[in-house]
Structure formats: structure tokens, C-alpha cells
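*Asks:* Coordinates for the following, if possible.
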Amino acid sequence: MTTNVKVQEGIFKTVKTILVSQPKPERSPYYELEKRYGLQIDWRPFVHVEGVEARDFRKQRIRPEEFTAIIFNSKNAVDHFFRLCEEMRAKMSQDTKYFCLTETIANYLQKFIIYRKRKVFSGQRSIQDLGHYMKKHKANERFLLPCSDLGAQEIATYLDEQGFNWQDAVMYKTVSSDLSDLSDVTYDVLVFFSPLEIKSLYDNFPDFLQNDTRMAVYGNSTSKAVEERGLTINIKAPVPDVPSMTTALELYLQQSNKEV
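*Replies:* All right, here's what the predicted structure looks like:
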């Protein structure tokens, strides 16, 4: 059988256990795979977000209240922006405008502001969706972009290209989670979605050996991180006709396991 799933040639050992390096969702097509193939699928975030402390944030010499417009690209950005404002006693003007990449983020803002006293704009997914609204206020606004230590390159590039008066502010960081309780646990398949998860694997287990563990990897940057560690990628997505990790896993399982 020929598939678009990249696997180590000739190896389709039975899979009984899978660890997904993400938080456990309420609903997921993984659960159907679990039933269909008699699997145990565990979920464990390999990375998590920590807020930058106010004393460290002050070193960036940024005062949020001096900006007239805030750009939010995630709920984490919202949480840590208002946390730092409270800790620093920075009071935002009622005239502050908030530009949110998605409606979900805009709705989340209601935890922190009163909509009738603020101006909130939302897009569908990308910063380009907000361009029309932002350009209306371009001449008079100073934009602040709360972000993680990883930055927000796509947004930054767009703001520079369009000539906005803006500044980014690192308010939270992504760090490796403590996985020490998994030191004596092995899984048939490990599923990764970002290079940071690979970094976390080795932060926790510097002497990690792949042995018979299959590596399921999503995305080119994650694949590169895996290969740089000298590991073998057994299952990869997306590739032509295989857009999702669950599809890639199922194609592998069709050859390694019999349906139960």
C-alpha cells in the first residue's frame, strides 16, 4: 500500500500508546482513533506560558498607558497585558482602541473592559484583516503589540511595511514544562507540533533515545528540529492529501494495527 505518510521504511510495529504534546481537548478526532484502533492516547503539554514579572517588564521602558491603540493576537496577550497594567498601576484611557486578530479574542476582552466605553475592532484571523480599520487611525495612533518572547513576526512585518507608529512589548514567555514524572514511561508514538516541544523533550530528558518510539511530527519547522536531533520521523503532516495529524496517524495505523 502506498501512502503520503512518511514512515521509516519497512517498520509498521503495532501501536498501543500515543502521547500528544498538547493540552487535552474536549472534542477531538483523536478520540475516534482511540476507539477504532484500541489505543491509549494521553495528552500532556510540553510547553506552557509564564508571565513576565513587572520588575522585569519595566526594564523595557514601556508604559502601556502612553499608547493609544493595542493590538492583541491571542488570549494570552490580553491576560498578561491587563495583569501588568494592574501590577504597574497603569490606567488605560477610555478612548484606547483595541485591535483583535479574531472575534474570539475581541469577545474575551469583555473580561477586562466595558464595551460601550471602548472601541474594539476584530478580524477573521490575520493582521491584514484589521488593516482597513487601523489605517483610518494611522496618523494619530501609537500602537502597542503585547507579545511573547518569540515575538509576532508576521504582524511586525506588516506594521513596518505599512508605516505604523508601533512598539512591541514582551509580556509573557513560552517555557518548557516539567515532565519529570514521565521519566519511566514509554510510548509507542510521540506527537509534536512545534520546535519548542522538541526543545522541552531534551530539556527534560537530555539523554533521550528514540529506540522503537515512532515520531509523529507536524510542520516543516518541527521536522527540522527533530532531524537536527538525529531522530527519525516516522509520521509527518501536512503532506499532499494528508492535511492533518490525525489523518497521518490513521494512515499509519491502517498498516500497523488491525481495527478492533
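*Asks:* Going by residue numbers, what spans are strands in this protein?
*Replies:* In the chain, the strands defined using DSSP state E lie at 17-20, 40-43, 47-51, 69-72, 97-100, 119-122, 143-148, 166-176, 189-192, 214-218, 235-237.
*Asks:* Can you say which of those is nearest to Ala248?
*Replies:* strand 235-237 (3.9 Å; Cβ to Cβ). For glycine as for every other residue, the C-beta is placed from the backbone atoms N, C-alpha and C.
*Asks:* Any stretches of the protein with poor pLDDT?
*Replies:* Applying pLDDT under 70 to the chain flags the ranges 1-11, 115-118, 259-260.
*Asks:* Nearest residue to the middle of it?
*Replies:* For the chain, the residue nearest the mean C-alpha position is Ser194 (7.8 Å; Cα atoms, centre = their mean).
*Asks:* do you know how far it is from Gly219?
*Replies:* To Gly219, Ser194 is 7 Å away according to Cβ to Cβ, to the nearest Å.
*Asks:* With Asp207 instead?
*Replies:* Taking Cβ to Cβ, one finds Asp207 at 26 Å from Gly219.
*Asks:* Which one of these two is surrounded by more residues?
*Replies:* Legend: neighbour count by other Cβ atoms under 10 Å for Asp207 and Gly219, higher for Gly219 (16 against 5).
*Asks:* mind listing the helices for this structure?
*Replies:* For the chain, the helices defined by DSSP state H occupy 29-37, 54-57, 75-87, 103-108, 131-136, 153-161, 195-204, 220-228, 245-256.
*Asks:* buried set for the fifth one?
*Replies:* Buried residues in helix 131-136, counting neighbours by 16 or more other Cβ atoms under 10 Å, are found at 131, 134.
*Asks:* which strands and helices sit next to that helix?
*Replies:* With contacts defined as 3 or more Cβ pairs under 8 Å, 6 or more residues apart in numbering; DSSP states H and E, helix 131-136 has no helix or strand neighbours.
*Asks:* right, and the residue nearest to the centre of the chain touches Gln22 too?
*Replies:* No: in this structure, Ser194 is not within contact of Gln22 by Cβ atoms under 8 Å, at 9.5 Å.
*Asks:* could I get the strands of the chain as TSV with distance to Tyr31 and mean neighbour count?
*Replies:* Output for the strands of the chain, formatted as TSV (distance: least, Cβ to Cβ, whole Å; neighbours: other Cβ atoms under 10 Å):
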stretch	distance to Tyr31	mean neighbour count
strand 17-20	11	21
strand 40-43	8	15
strand 47-51	23	14
strand 69-72	31	24
strand 97-100	31	23
strand 119-122	31	17
strand 143-148	30	23
strand 166-176	27	18
strand 189-192	14	25
strand 214-218	17	24
strand 235-237	18	23
